[in-house]
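Colleague: Quick check, what structure comes out for this input:
(one chain, ligands or ions: 1)
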Amino acid sequence: MAECLPSTSKIFGEPGTSSQQPNASSTLGMDISALTDKATKSAQRRPAMTDYADAIGSLEEELASEGLRRRVPWDSLSIGSDVPGLHDVKDLLEGDDASDLVSEDDGVGCPLPSTPVEQGLLECEIAEVLKAGVLMDEIDLGALAHNAVGQAEEFVRKVMASWKVCHFHHLPKWLQDNDFLKTGHRPPLNSFKACFSSIFRVHTETGNIWTHLLGCVMFIGIAAYFLSTPAMELPPWDKAVFGVFFAGAITCLGLSFAYHTVHCHSELVGKLFSKLDYCGIAMLIIGSFVPWLYYSFYCQFSAKLIYLSVVIVLGISSIVVSMWDRFGEPKYRPVRAGVFMGFGLSGVVPAFHYAISEGWFKALSQASLGWLILMGCLYILGAMFYALRVPERFFPGKCDIWFQSHQIFHVLVIAAAFVHYHGISEMAMYRMTIGECAAQNPAMAF
Ligand SMILES: [Zn+2]
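Modeller: This is a model prediction of the structure:
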């Protein structure tokens, strides 16, 4: 009995306030509260136990006479109370992630997983509920016990498997990336299962994860539809160059999704997946160049070969640079943006080549130069958001969960990929309309 003492008043409230029991509902949910109300009314109807508050009061007096301390309700307990783990249990009882974000402050670090002490406390609370039911000779004791135990089991599961978002300053050094995002960070989780479960919780990476997960799924769907077109309608070479583009887009978005999901696992996993994320960007750029160069220089074999070779060399160089351990550090953010922007902007050279040799009108109408320019603008805009960390730079702490620069960058990358898909689709249609190269250049196509 003594070890369960802190529980009764937390469940039923202070003696004398039993008709209004805000702590009961916030502790074990509305079912327990309703049952407690029912029990109280039942007690009031019975001559043998006319006043529930009296019963609790007399119980407390009896305990006090035995030298046991009086208990205090949830709300009067403060952080640093002598009840171990109580603060964490209270937080978990009171709300979800959103309330965690609101209540979190600079003084609270990333909480550790729940301890067996908390589980013991909960079991005591349930025992108290059951004992109270026995005291009141409650007829529906079976249902009460079933409900209480069920809720306790669910709650203990939640507590044991849970973690709380934390402040930037409480992150380990290797997780500190963007100090304009103040709260809502995941702590190191050290478990892939926990990382993937975190997809369904609200934190600084939720938007980043879902933007590229949905983008990846969309491109998988489009690729499956496009590549399943009968060979009569779409020749194998066209399928192959579009396949390179789809592979680049799906790889980029998929690796980005994976990186944002697991980078809080541990330092080693975080570094590995950040490198894979950068490799994915290089793959997307390579994949975007291939079909555009293929259709633009369809009948100019040498130019096509040279530009494709240059793109592959630049792509491999970007991947090699991405493998550099320090490339992922926050201070190299502008360098990262510069490397990939420079790689993407190298497309200006073949675009000018085409426009000068074929004329600007043809470049715009047949080589989808307009779509290419729009795609370039979207990538550059995205890279600038990424490098400058706008808008969170101007509203520190206000974009922790939504509308942060990285999410905007992600959305612009997806938009750019769709624009490019539209552009190369038009180029393919044009090529199919005008037919193969002129007779004097029969060998210039692949
Ligand atoms: Zn990202």
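
Colleague: Give me the buried positions along stretch 174-190.
Modeller: Going by neighbour count (16 or more other CB atoms under 10 Å), the buried part of stretch 174-190 is 174-175, 177-178, 180-189. The C-beta positions use only the backbone N, C-alpha and C, and glycine is treated the same way.

Colleague: Quick check: mean pLDDT of that stretch?
Modeller: In this model, stretch 174-190 has an average pLDDT of 94.

Colleague: Residues touching it, excluding its own?
Modeller: With contact meaning CB atoms under 8 Å, 6 or more residues apart in numbering, stretch 174-190 is reached by 101, 104, 110, 163-168, 170-172, 195, 198, 202-205, 263-267, 270-271, 330, 389, 392-393, 396-397, 399-401, 404-406.

Colleague: try it again with 6 Å
Modeller: 101, 104, 110, 163, 165-168, 171, 195, 198, 203-204, 264-267, 330, 389, 392-393, 396-397, 400-401 (CB atoms under 6 Å, 6 or more residues apart in numbering).

Colleague: And the buried residues of stretch 174-190, which two are furthest apart?
Modeller: Taking CB to CB, the two most distant members of the buried residues of stretch 174-190 are F180 and L189; they sit 22.8 Å apart.

Colleague: and whichever helix or strand F343 is part of, what does it pack onto?
Modeller: Secondary-structure element containing F343, defined by DSSP states H and E: helix 333-345. Counting contacts by 3 or more CB pairs under 6 Å, 6 or more residues apart in numbering; DSSP states H and E, helix 333-345 packs against helix 267-296, helix 301-322, helix 369-388.

Colleague: Just the residues contacting that helix, thanks.
Modeller: Residues beyond helix 333-345 that count as contacts (CB under 6 Å, 6+ apart) turn out to be 281, 285, 314, 318, 321, 379, 383, 386-387.

Colleague: Tell me the one of the residues you listed nearest S357?
Modeller: L314 (22.0 Å).

Colleague: With adjacent residues omitted, what lies nearest to that closest one?
Modeller: F343 (5.3 Å; CB to CB, 6 or more residues apart in numbering).

Colleague: Measure how buried G342 is and give me the count.
Modeller: G342: 11 surrounding residues under other CB atoms under 10 Å.

Colleague: meant to ask about G338
Modeller: Neighbours of G338 (other CB under 10 Å): 13.

Colleague: what does Y354 give?
Modeller: Around Y354 there are 24 residues (other CB under 10 Å).

Colleague: show me the contacts for it.
Modeller: For Y354, the contact set (CB under 6 Å, 6+ apart) comprises 296, 363, 367.

Colleague: secondary structure element for the second one?
Modeller: Read that as A363. If you go by DSSP H and E, A363 is part of helix 360-366.

Colleague: Buried residues of that helix, list them for me.
Modeller: The neighbour-count check on helix 360-366 (16+ other CB under 10 Å) flags 363, 366 as buried.

Colleague: now the strands for the stretch 101-250 of the chain?
Modeller: With DSSP state E, counting those that start in this stretch as the criterion, the stretch 101-250 of the chain has no strands.

Colleague: Quick check: which ranges of it have low pLDDT?
Modeller: Where the stretch 101-250 of the chain drops to pLDDT under 70, the residues are 101-145, 152-161.

Colleague: if I've got this straight, K398 is in a strand?
Modeller: No: under DSSP: H, G, I helix; E, B strand; the rest coil, K398 falls outside any strand and is assigned coil.

Colleague: tell me the contacts of the residue nearest to it when sequence neighbours are not counted?
Modeller: Counting by CB to CB, 6+ apart, K398 lies nearest to E392, which is 7.2 Å off, once chain neighbours are set aside. By CB under 6 Å, 6+ apart, E392 lies in contact with 180, 399, 404.

Colleague: Check I250 too.
Modeller: By CB under 6 Å, 6+ apart, the contact list for I250 reads 216, 219-220.

Colleague: Between the residues you listed, identify the one with the most neighbours.
Modeller: So for the contacts of I250 (other CB under 10 Å), the most neighbours sit at F219, 25 neighbours.

Colleague: measure it to F246 for me?
Modeller: Computed as CB to CB, to the nearest Å, the F219 to F246 distance reads 6 Å.

Colleague: Equivalent analysis for Y379, please.
Modeller: Counting by CB to CB, the gap from Y379 to F246 is 18 Å.

Colleague: Please convert the buried members of the contacts of stretch 174-190 into ChimeraX selection syntax.
Modeller: Buried residues within the contacts of stretch 174-190, by 16+ other CB under 10 Å, are selected in ChimeraX with:
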select :101,104,110,163,165,166,167,168,171,195,198,203,204,264,265,266,389,392,400,401
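
Colleague: related to what we said a few turns ago, ok, and for the helix holding F343, which residues are buried?
Modeller: Buried residues in helix 333-345, defined by neighbour count with 16+ other CB under 10 Å: 333, 336-337, 339-341, 343-344.

Colleague: try stretch 214-233
Modeller: 215-216, 218-219, 222-223, 226.

Colleague: Make CSV out of those and add distance to I414.
Modeller: Shown next, in CSV, are the buried residues of stretch 214-233 (distance: CB to CB, whole Å):
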residue, distance to I414
G215, 4
C216, 9
M218, 8
F219, 9
I222, 12
A223, 14
F226, 17
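
Colleague: List the contacts of the residue nearest to R186 when sequence neighbours are not counted.
Modeller: Counting by CB to CB, 6+ apart, R186 lies nearest to C264, which is 4.4 Å off, once chain neighbours are set aside. By CB under 6 Å, 6+ apart, the contact set of C264 is 186, 188-189.

Colleague: same check, this time on G254
Modeller: Taking CB under 6 Å, 6+ apart, we find G254 in contact with C216.

Colleague: Quick check: phi and psi at it.
Modeller: Main-chain torsions, G254, degrees, to the nearest 10: phi -70, psi -40.

Colleague: Renumber starting at 425 from here on
Modeller: Done: numbering now begins at 425, and the last item shifts to G678.

Colleague: Give me the distance between it and I858.
Modeller: 36 Å.

Colleague: same check, this time on C619
Modeller: 51 Å.

Colleague: go on, I780?
Modeller: Separation of I780 from I858 (CB to CB): 21 Å.

Colleague: Over to P815?
Modeller: Counting by CB to CB, the separation of P815 from I858 is 46 Å.

Colleague: Mind checking which of those two has more residues around it?
Modeller: Each of P815 and I858 has its neighbours counted (other CB under 10 Å); P815 has more, 15 against 11.

Colleague: how about the closest residue to that one other than its chain neighbours, phi and psi?
Modeller: Once flanking residues are discounted, P815 sits nearest to C823: 5.9 Å by CB to CB, 6+ apart. With angles defined as degrees, to the nearest 10, C823 sits at phi -120, psi 30.
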